[in-house]
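> here is a sequence together with a model predicted from it:
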Amino acid sequence: MNIIELEKINKEYYTKDGSFTALKDITFCIQEGECVILRGISGSGKTTLLSILAGLDRPTSGKITVDGEDIAKLPDIHLSHFRGHHIGMVFQHYNLLEHLSVTENIITPLIPMKITPQEAYKRAKEKMEIANISHKADMDTNRLSGGEKQRVAIARALIADPKIILCDEPTANLDRANAKRFTDIIKKLIDIGKTVVIATHDPLFWESDLDIRIIDIEDAKIVADSKVEV
Amino acid sequence: MNTILLNRGVIVYLSSEIVLWGIFAIAFVVMISILYGWDFDKYTQKQYILQKRAWLTVTILSFVSIFKFLLLPYFVYTIDTLKDIVPGAMCAAGVISANSYGLKLLLLKILILFGFTLWIILNRYDLNAKNYPLFKIKSWFFILLFVALTVELWLDIKYFLHIDINIPVSCCSALFGQLEGANPLPFGLNTNTMLLLFYILYMLSMLLLFSSEAWLILIVIPLFGVISYYSVVYFFGTYIYELPTHKCPFCMLQKDYYYIGYLIWSSLFGAVYLSLSGAILQLLTKSNSKNLYQWSMKLFTLFVAVCSLYIITYYIRSGVLL
């Protein structure tokens, strides 16, 4: 079953010097439980595509359906709600609130969802275990290493139990050991049925033992779409 | 130059109306251009741009329309202050009748505010849905409202330009017919039957709002609104003024009566606007307007309670009725 469907997605940015095409006629589907790598060099359009998948940005034209919802047409109030419940996002620079503890950072997305504190802390504990960060639960995030910060970001992305996890250049700021740990967590996420989309150009992913599908993006267009099975 | 136009209240009022009209005029042009190209089923760049533009326009309109609601009491307050300039006027009733435009303007303002209440409610429903189901209806309705706003501005200017401070006006004592001996009440009612009808219609309105009977609400609430207006002017007002011959809808807006008229009229008009808008929304969308009806019931109850309280307190204090 397709959880993500894109049909002729185009994205243009308009500047003083003219327009710039970030995505051109992007069409593909992602099945539930798949792990998809969006591969391409910097500036190829993969982060733009990820932002559109996350509902953080809108396409200039084209149709995008995520978990049955036509998100390019959703009014902003519905889009925020949709993101909160259906999408977990791990940003390249983690986007954590530095003055809050690990647990507080993780439960932040639950605030607008009116979930009881007891339930929020219970969920946070579960997600910290998946992300291997339970031992730092009460520590302020500004005292964590890069790898630990990223695990907090993963736990935060999982807190609302979204079906889809999107990761933007997740290993760009990690050493090899931490990057390997990250792929182990991704494996766990796939095992529990999450759909994972990763924008990266790190060869670690296609050299790992993950069952992945690689979509190559070059100059705003898809140039290859292949399955890598272990 | 007409001295009225140099009054600072009139300057502020007219400037505000002109600025608001200017904003609405821009929105009107934008709305027409959006409507011209709107096709929600398309996934084109044009449609996405129109959706963004529509969102921005209606958000600005929602905020700006709040000022229209504030401008009606300010208009009444301003013409009330003009009583010191217009000979013969003792309150806004005299000033509003200073020429043939005044009463038409006031009625149009009341209708426009109902229009804005309905537009805001339609807009809220539309934005809360995922596919803009009422976009075309609310846009055409706004275009209609803009025509009314243009007429209103024209009447505003005509009204203030044609107040002649050299000609004495009739005020509330002569305006509402009590000196002419004719029965000023609607449908040939006398005060007692009108009062009975007032309370019966109040209870019926509560019942209809509680049971969300949209069609009946559209029939009964306007009737209750009319009966309420006459009841306040010809019955409850006399207890507010504590004078059986003083029958005026405006004097109660003055400081001497603790500005109680603002509470009475705003609760009545607010309740009528919300209940009618709720009924129209219910009929248009088959959705539940319970929340609007509940607010309407609260406002009607506040209105009836305040009016009734004047009679009760008068009776307790003096032991007689007027």
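Arrived safely, thanks for sending.

> I'd like the next helix or strand past the strand or helix carrying residue A:151.
Following DSSP states H and E, one finds residue A:151 within helix A:146-158. Later in the chain than helix A:146-158, the nearest helix or strand by DSSP H and E is strand A:164-168.

> what angle do helix A:146-158 and that following strand make with each other?
150 degrees (axes from the mean of the first three to the mean of the last three C-alpha atoms, to 10 degrees).

> mind listing the residues bridging to the residue sitting nearest the centre point of chain A?
For chain A, residue A:166 is the residue whose C-alpha lies nearest the centre (C-alpha atoms, centre = their mean; 1.4 Å). Per DSSP bridges, residues listed as beta-bridge partners of residue A:166: residue A:89, residue A:197.

> once you drop chain neighbours, what's closest to residue 7?
As the question left the chain open, I've gone with chain A. Nearest residue to residue A:7, sequence neighbours excluded (C-beta to C-beta, 6 or more residues apart in numbering or on different chains): residue A:63, at 4.3 Å. Backbone N, C-alpha and C define where each C-beta goes, glycine included.

> sorry, I should have been clearer: chain B.
residue B:82 (6.6 Å).

> does residue A:175 really touch residue A:181, like I thought?
No. Between residue A:175 and residue A:181 there is no contact, the gap being 9.9 Å when judged by C-beta atoms under 8 Å.

> look at the two and report which has more neighbours.
Higher neighbour count among residue A:175 and residue A:181: residue A:181, with 18 against 12, using other C-beta atoms under 10 Å in any protein chain shown.

> now the more buried one: which helix or strand?
helix A:176-191.

> over to residue A:22?
Here residue A:22 is assigned to strand A:18-31, by DSSP H and E.

> buried residues in stretch B:9-25?
Neighbour-count burial for stretch B:9-25 flags B:9-10, B:13-14, B:16-17, B:20-21, B:24 (criterion: 16 or more other C-beta atoms under 10 Å in any protein chain shown).

> neighbouring contacts of it?
Identification of contacts with stretch B:9-25 by C-beta atoms under 8 Å, 6 or more residues apart in numbering or on different chains yields B:4-5, B:60-61, B:64, B:67-68, B:71, B:74-75, B:77-78, B:81-82, B:146, B:149-150, B:152-153, B:156-157, B:160.

> counting contacts, what elements does the lowest-mean-pLDDT helix or strand in chain A pack onto?
When the helices and strands of chain A are scored by mean pLDDT, DSSP states H and E, helix A:204-207 comes last with a mean of 84. Applying 3 or more C-beta pairs under 8 Å, 6 or more residues apart in numbering or on different chains; DSSP states H and E, one finds that helix A:204-207 contacts strand A:35-39, helix A:176-191, strand A:212-218.

> please look at residue B:172 and residue B:90 and confirm they touch.
Yes. With contact defined as C-beta under 8 Å, residue B:172 reaches residue B:90; the gap is 6.8 Å.

> what do those two both touch?
Going by C-beta under 8 Å, 6+ apart, residues that sit against residue B:172 and also against residue B:90 are residue B:251.

> count the residues that sit near residue 106.
As the question left the chain open, I've gone with chain A. The burial count assigned to residue A:106 is 30, neighbours taken as other C-beta under 10 Å.

> to clarify, I was referring to chain B.
Neighbours of residue B:106 using other C-beta under 10 Å come to 19.

> and if you look at residue A:93?
13.

> confirm that it sits in a helix.
No. Residue A:93: not assigned to a helix; according to DSSP: H, G, I helix; E, B strand; the rest coil it is coil.

> just give the nearest non-adjacent residue to it, would you?
Residue A:93 sits nearest to residue A:173 (C-beta to C-beta, 6+ apart), 7.3 Å away.

> helix/strand/coil for that neighbour?
Here residue A:173 is recorded as coil under three-state DSSP.

> show me the residues around it that make contact.
A:92-93, A:146, A:150.

> out of the residues you listed, flag the one nearest to chain B.
Comparing the contacts of residue A:173 against chain B with C-beta to the nearest C-beta places residue A:92 closest, at 26.8 Å.

> how far away is the residue nearest to residue A:93 from chain B?
From residue A:173 across to chain B, the span is 34 Å (C-beta to the nearest C-beta, to the nearest Å).

> how about that residue, phi and psi?
Per-residue torsions, residue A:173: phi -110, psi 20 (degrees, to the nearest 10).

> how far away is it from residue A:27?
32 Å (C-beta to C-beta, to the nearest Å).

> for residue A:141, same thing?
Here residue A:141 is placed at a distance of 39 Å from residue A:27 (C-beta to C-beta).
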